[in-house]
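K.L.:
structure, please.
(2 chains)
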Amino acid sequence: MDFELTEDQEALAEGVASLCAGRFGIEAVRAMEESGLDRGRWRELADTGVFSLCLAEADGGVGLGWAEAAVVFEQLGRRLVPGPLVATTLAAGLIEGAADGSVVVATVERTSGSANVEHAVWADVIVISDDEGLWSVPAEELVGTDARQPLDPLTPVRRIPGLPKGVRIADADAADEWRLHGSFLVAALQLGVAIGATELAVAYAKEREQFGQPIGRFQAVKHRCADMITRVEVLRAAVYAAGATLDGNGVGAPERSVGVAKILASTAAAACGKDCVQVHGGMGYTWEVDAHLYLKRAWAHDLAFADGDELAEDLAAGLVS
Amino acid sequence: MDLRYTEEEEHFRDELRSWLSSTLPDVPPLPADHTDLVARRAYDTAWQARLHEAGYAGIHWPAEFGGRGSTPTEHLIFLEETERAGAPYVGVNFVGQLHAGPTLIAEATDEQRATHLAPILRGDHVWCQGFSEPGAGSDLASLATRAVDDGDDYVVTGQKIWTSFAQVADYCELLVRTDTEVPKHKGITWIIMPMDLPGIEIRPIETALGSGEFAEMFLDEVRIPKVNRVGDENDGWRVTNVTFSFERGTAFISEVISSQRLLADLARVAQKVTRRSGTAWDDMGIRRELGVLDAELDALWSLTKRNVSQAQRTGSVGPGGSVFKLAYADVRKRMADLAEQILGRAGLAIGDTLDLSDMDHVAERLYTLTLTIAAGTSEIQRNIVGERLLGLPRGDR
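P.N.:
Numbering: from 1, shown residues only, chains lettered A, B, ... in the order given. Model (predicted):
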């Protein structure tokens, strides 16, 4: 048993971190609030292999595992990289052009009645998942109203009166995998969001002075920051364990370990987002400071893929079976 | 990143399992009277002796000092399997096995090691810890128990507290002040105190749970030979921190496993507790909280493995131990709240859950109060995490 990252995994994380630092600095990210998804930068992610990471080499992918995907998506979450990263990655190999970044893919779980669909504004193709399989719809056929002010300014939302049926592209088993892997990748993004929020709060606590000293010297602030990193490290263990388990390098069932990661991810990322706002005081409630972006992203991710309450009930049932 | 166990590790687990399944049926149940510490000592040391005969004593101690010299992963497997099998806990041997023994290995003279290590492993000697004082808790370094230099001896006077199992201990790892003129960390010395010396008085302290393993210890001109000193005079603070690094390594493995058993039992209790209509289990909020806590314990088990892997690579978990302790204490306190909610009126008595369970969820609920206090309060842990892990500036204490 060795739960540390391998040297290759460390190098991968560093590579993606430096790509993100260079191309997805917070100014570049926030510029997309106005200009929409930057397709050039999206292609750069594709060229680095982000979307084809877990696609087999024979199918033109990088052929790495889900553990590697975890460290990559952690870095993307940490930098608030916008766009339907998870859906496009899941679609690599299923939808032509997803892997190379030329086609942007968003996704939604089928519901009856009206629905809010994330990223529809930026996407070329929407994949709808339901109990029977996966269904593809060109984005322009998803007619509706784009929200004037989405909760997360970097997660655009289109309200549609009802979902079209679409063209079936995969069977029910593939839809199950879609949900499983999607939940996992969202949990990895949430880990990154929690880390980013913690880093932002800690940096501010070191630099902001009141009563003649950095506020991070006060236990009220220091202890809040300690709670933030504590949530991060517990979540990190759960996400990495889920990645290893999906790759067959773990113990126990992948469904369980992904469920555990998703449950913890929702709580941890939102709590770190809120704490980040709180540490910033009044500035934390301004549009100018980035704290609200972490919290809003955490809230938006919370609703993607598997539902935390349902996962919790499944785990509870497992306790008495 | 690979969570699977190697062939050697699985082999170790198989051997241990088969030893446990052949040995445990002969082990008597815990003494019914939990206030009878003499019986408790006999029970715990008998188990220690059996571990020793089978070669499992001092699993993490180096082989040259009589231990098994196992890797941290094998140590994890040992604690996991013994807990799952319901084997006795380390009990009165806690300080000897986990604090004093490892400190002696790291810091003692060959003669001191020869005298003390083997009897700890065999279960012949029981140790207690004389660190905290009424005026020195979180600020341990301010301890005031005075050791006066008198020829070949130190003459020690003062008061210690939280000296668990002092009533039945043979030796005490004792911190004393040997220099009052220097900054507080620089005047402390670590001594081995035999518990049969004249001038030692022990008074039991009853816990909020009604148990009696706590004690306070009054020292009145106790004459301790200087040859019992471990490390240099006034170097005791460093020697003590060698001990703490052991304390925060694999310390909670058994606890996580037993928490998982406790939670599964709580779910079954929820199915039995009847309410005005249906059972506690029919309450969706209760089911969801059970599921969330199951997820959190699962994640803590993963975090344990990460910490153990880090210890295996680097020799220490550092502030990761504090992170774990904070998260674990929080989960257990929320489990206690949930137990209260599920038990309803069955929670009104300790040691009698109206035939709902063999486990004592009410006593466990009280026990969780210690988790944010013992071995460094959560407030102290948050200082450690904030300062050492996040680099926040050190403030006033």
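K.L.:
doesn't residue B:323 make contact with residue B:385?
P.N.:
Yes. The criterion here is Cβ atoms under 8 Å, and residue B:385 meets it with residue B:323 at 5.9 Å. Using the backbone N, CA and C atoms, a C-beta is placed for each residue, glycine as well.
K.L.:
between these two, what contacts are shared?
P.N.:
Residues touching both residue B:385 and residue B:323 (Cβ atoms under 8 Å, 6 or more residues apart in numbering or on different chains) are A:229-230.
K.L.:
touching, residue B:295 and residue A:260? I think so.
P.N.:
Yes. If you go by Cβ under 8 Å, residue B:295 and residue A:260 touch, sitting 4.4 Å apart.
K.L.:
between the two, what contacts are shared?
P.N.:
With Cβ under 8 Å, 6+ apart as the test, residue B:295 and residue A:260 both reach A:238, A:315.
K.L.:
more crowded one of those two?
P.N.:
Legend: neighbour count by other Cβ atoms under 10 Å in any protein chain shown for residue B:295 and residue A:260, higher for residue A:260 (31 against 26).
K.L.:
got a list of what that one touches?
P.N.:
If you count contacts by Cβ under 8 Å, 6+ apart, residue A:260 has them with A:238, A:241-242, A:315, B:295, B:298-299.
K.L.:
which of those has the most neighbours?
P.N.:
Of the contacts of residue A:260, with other Cβ under 10 Å as the count, residue A:242 tops at 34 neighbours.
K.L.:
in what helix or strand does that residue lie?
P.N.:
Secondary structure from DSSP states H and E places residue A:242 in helix A:219-246.
K.L.:
how about that helix: buried residues?
P.N.:
Buried residues in helix A:219-246, counted by 16 or more other Cβ atoms under 10 Å in any protein chain shown: A:219, A:221-246.
K.L.:
buried ones in the helix or strand following that helix?
P.N.:
Sequence order places helix A:254-279 as the next helix or strand after helix A:219-246, per DSSP H and E. Neighbour-count burial for helix A:254-279, counted by 16+ other Cβ under 10 Å, picks out A:254-277, A:279.
K.L.:
next one: stretch B:71-86
P.N.:
The neighbour-count check on stretch B:71-86 (16+ other Cβ under 10 Å) flags B:71-83 as buried.
K.L.:
for the chain, just list every one of the strands.
P.N.:
Since you didn't name a chain, this refers to chain A. In chain A, the strands defined using DSSP state E lie at A:105-109, A:115-118, A:125-130, A:133-138, A:145-146, A:157-160, A:167-170, A:209-210, A:213-214.
K.L.:
chain B is the one I meant
P.N.:
For chain B, strands defined by DSSP E occupy the ranges B:127-130, B:146-150, B:153-161, B:171-177, B:188-194, B:200-205, B:214-225, B:229-230.
K.L.:
pick the most buried one from those strands.
P.N.:
Among those, the stretch with the highest mean neighbour count (mean count of other Cβ atoms under 10 Å in any protein chain shown) is strand B:127-130, at a mean of 28.
K.L.:
remind me what that one packs against, helices and strands.
P.N.:
strand B:171-177 (3 or more Cβ pairs under 8 Å, 6 or more residues apart in numbering or on different chains; DSSP states H and E).
K.L.:
returning to that earlier point: so which of the buried residues of stretch B:71-86 comes closest to residue A:96?
P.N.:
Minimum distance to residue A:96 across those is 45.7 Å, recorded for residue B:73 (Cβ to Cβ).
K.L.:
how about the closest one, what does it touch?
P.N.:
Residue B:73 makes contact with A:1, B:5, B:9, B:308-309, B:312, according to Cβ under 8 Å, 6+ apart.
K.L.:
re the thing from before, tabulate the strands of chain A (a markdown table), appending mean neighbour count.
P.N.:
Shown next, in a markdown table, are those (neighbours: other Cβ atoms under 10 Å in any protein chain shown):
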| stretch | mean neighbour count |
| --- | --- |
| strand A:105-109 | 24 |
| strand A:115-118 | 21 |
| strand A:125-130 | 24 |
| strand A:133-138 | 19 |
| strand A:145-146 | 12 |
| strand A:157-160 | 19 |
| strand A:167-170 | 14 |
| strand A:209-210 | 11 |
| strand A:213-214 | 16 |
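K.L.:
need those in a markdown table (columns: distance to residue B:281).
P.N.:
Shown next, in a markdown table, are those (distance: least, Cβ to Cβ, whole Å):
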| stretch | distance to residue B:281 |
| --- | --- |
| strand A:105-109 | 28 |
| strand A:115-118 | 33 |
| strand A:125-130 | 30 |
| strand A:133-138 | 34 |
| strand A:145-146 | 43 |
| strand A:157-160 | 38 |
| strand A:167-170 | 37 |
| strand A:209-210 | 50 |
| strand A:213-214 | 50 |
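K.L.:
tell me which of those sits nearest to chain B.
P.N.:
When the strands of chain A are compared by Cβ to the nearest Cβ, strand A:213-214 sits nearest chain B, at 5.5 Å.
K.L.:
and the residue of chain A nearest chain B?
P.N.:
Counting by Cβ to the nearest Cβ, chain A gets nearest chain B through residue A:312, at 3.1 Å.
K.L.:
helices along the stretch 1-150 of chain A, start to end?
P.N.:
All helices of the stretch 1-150 of chain A, identified by DSSP state H, counting those that start in this stretch, fall at A:7-23, A:26-35, A:39-48, A:66-78, A:85-91.
K.L.:
show me what the shortest one is in contact with.
P.N.:
When you say that, I think you mean helix A:85-91. Residues outside helix A:85-91 that contact it (Cβ under 8 Å, 6+ apart) are A:45, A:50-54, A:69, A:73, A:76, A:98, A:101, A:103-107, A:119, A:123, A:125, A:127, A:178, A:181-182, A:185-186, A:189, A:304-305.
K.L.:
quick check: mean pLDDT of it?
P.N.:
Averaging pLDDT along helix A:85-91 yields 98.
K.L.:
can you name the residues that contact the residue lying closest to residue B:384 once chain neighbours are set aside?
P.N.:
Of all residues not flanking residue B:384 in the chain, residue B:322 sits nearest, at 4.6 Å (Cβ to Cβ, 6 or more residues apart in numbering or on different chains). For residue B:322, the contacting residues are B:248, B:376, B:381-382, B:384-385, B:389, by Cβ under 8 Å, 6+ apart.
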